[in-house]
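Q: model the following, please.
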Amino acid sequence: MMMMREELSPPSSQTKTMLTPVQVPYQPYTSKRKQYGWRRKAPIFFETDIGKGISLMDALHGHVHGLVDRHEPILEGCGDKVSYHIDFHGYIPLRCQKYSFYQNHGKKYPNTRAKVVRQIAEAVQDFIEKRQYDIHTDDWRVGPGYIELKDLYLLELRHVGTGCFQPILGVLRPSLLPSRIPSYITY
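A: Model (predicted):
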């Protein structure tokens with residue numbers, strides 16, 4: 001008796017698996033100093049060819065080929081430096097300053113989506129390294145064995161002050177999510 005083995009064909013390139021990370025709860029940042037003439041910019045959303053958000057681990061290693069509009073400049077008119085305000089539920093926030101431009105032959109160009117995602121990945125990695133021992137919550141704990149950079153996705157970037165942006169993060173691995181997700185989390 002001869003057994004036939006079925007050949008599995010690879011999924012079609014037309015098929016997309018949509019990923020929907022759960023948003024990490026955060027406290028919206030507001031500046032304590034008066035900002036005259038400041039106008040809030042619309043949120044910047046990040047998508048890849050497989051769904052909402054981009055993996056911060058991929059971004060840190062330069063794997064942003066699936067990022068939609070990756071060459072689009074997004075930090076125009078923000079000055080020479082921007083601050084990323086990393087606020088993760090249950091932890092003391094971290095503020096990280098980065099250059100908002102890159103230089104080519106002496107001329108300044110605003111950072112592209114790809115460069116901004118990498119800067120945010122670096123800032124979040126720094127946050128995890130500095131805050132992993134500041135345990136204020138068991139539900140959204142960061143560090144080895146808990147929520148790590150490889151589990152986080154950048155969903156959007158909100159303009160919260162002059163030259164200050166707050167990344168909105170998501171977690172994709174269901175095993176890391178708290179048993180009871182608070183009702184104030186949006187999907």
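Q: which residues in this structure form strands?
A: For the chain, strands defined by DSSP state E occupy the ranges 22-23, 44-45, 47-48, 51-52, 54-55, 81-86, 94-99, 101-104, 107-110, 152-161, 164-171.
Q: just for the chain, where's the confidence low?
A: Residues of the chain that meet the criterion pLDDT under 70 lie in 1-21, 25-38, 136-138, 173-187.
Q: can you pull out the helices in it?
A: 56-60, 113-131 (DSSP state H).
Q: mind checking which of the ones you listed is nearest residue 69?
A: helix 113-131 (5.8 Å; C-beta to C-beta). Where C-beta positions appear, they are placed from N, C-alpha and C, glycine not excepted.
Q: ok, now how distant is the most centrally placed residue in the chain from residue 124?
A: With distances taken as C-alpha atoms, centre = their mean, residue 154 lies nearest the centre of the chain, 2.1 Å away. As judged by C-beta to C-beta, to the nearest Å, residue 154 and residue 124 stand 8 Å apart.
Q: skipping adjacent residues, who's closest to residue 152 in space?
A: residue 56 (4.7 Å; C-beta to C-beta, 6 or more residues apart in numbering).
Q: picking up where we left off before, between residue 154 and residue 124, which contacts overlap?
A: Counting by C-beta atoms under 8 Å, 6 or more residues apart in numbering, the shared contacts of residue 154 and residue 124 are 56, 167, 169.
Q: neighbour count for those residues - can I get that in JSON lines?
A: Below are these laid out as JSON lines (neighbours: other C-beta atoms under 10 Å):
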{"residue": "56", "neighbour count": "27"}
{"residue": "167", "neighbour count": "26"}
{"residue": "169", "neighbour count": "27"}
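Q: quick check, nearest of those residues to residue 161?
A: Of those, the one sitting nearest to residue 161 (C-beta to C-beta) turns out to be residue 167, at 13.9 Å.
Q: give me the beta-bridge partners of the closest one?
A: On the basis of DSSP bridges, residue 167 is bridged to residue 157.
Q: isn't it up against residue 122?
A: No. Counting by C-beta atoms under 8 Å, residue 122 is not a contact partner of residue 167; they are 11.5 Å apart.
Q: span of stretch 95-111 from start to end?
A: The straight-line separation of the ends of stretch 95-111 (C-alpha to C-alpha, to the nearest Å) is 19 Å.
Q: so which bits of that stretch are buried?
A: 96, 98, 100, 101, 110, 111 (16 or more other C-beta atoms under 10 Å).
Q: again, but for stretch 161-172
A: Applying a neighbour-count criterion of 16+ other C-beta under 10 Å, one finds 161, 162, 163, 164, 165, 166, 167, 168, 169, 170, 171, 172 buried in stretch 161-172.
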